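Student: Make a model of this:
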Amino acid sequence: MDVFDVYVTAEGVDTAGKVLGRGIAFVSASIPPRSVVTFAISIPAAHTAATFRVRVSSFRQGIGHQQAG
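Tutor: Residues are numbered from 1 along each chain as shown. Reported below is the predicted structural model:
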């Protein structure tokens, strides 16, 4: 199925697991199956993070193409 209105959330985490900063980014209005879409996200305090966690925070599933209205 296609996915629509995809958002991701990324967190910068220190060595103790504490979240240092969080960013949310809109990825794409429409992504067909088996596709790859690049995105950029800004995370406050990213330079001090030991690692990052990224997850899909929102999307809708459907079939076909979404039309702008």
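Student: List the contacts of the residue nearest to the spatial centre of the chain.
Tutor: By Cα atoms, centre = their mean, the mean C-alpha position of the chain lies nearest to residue 8, the distance being 1.8 Å. Residue 8 is in contact with 24-25, 27, 39, 41, 54-57, counting by Cβ atoms under 8 Å, 6 or more residues apart in numbering. Every residue, glycine included, has its C-beta placed from N, CA and C.
Student: Strands - which of the residues you listed land there?
Tutor: The strands in this structure, assigned by DSSP state E, contain 24-25, 27, 54-57 from these.
Student: Check those for burial and list the buried ones.
Tutor: A residue is treated as buried here by neighbour count (16 or more other Cβ atoms under 10 Å); on that basis the buried members of these are 25, 27.
Student: Tell me which residues of the helix or strand where residue 8 lies come out buried.
Tutor: Element membership for residue 8, per DSSP states H and E: strand 2-13. Using 16+ other Cβ under 10 Å as the burial criterion, the residues of strand 2-13 that qualify are 2-3, 6, 8-13.
Student: In a markdown table, list the contacts of residue 8 along with pLDDT and distance to residue 18.
Tutor: Below are the contacts of residue 8 laid out as a markdown table (pLDDT from 0 to 100; distance: Cβ to Cβ, whole Å):
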| residue | pLDDT | distance to residue 18 |
| --- | --- | --- |
| 24 | 97 | 19 |
| 25 | 97 | 22 |
| 27 | 97 | 26 |
| 39 | 95 | 25 |
| 41 | 95 | 19 |
| 54 | 97 | 17 |
| 55 | 97 | 17 |
| 56 | 97 | 23 |
| 57 | 97 | 20 |
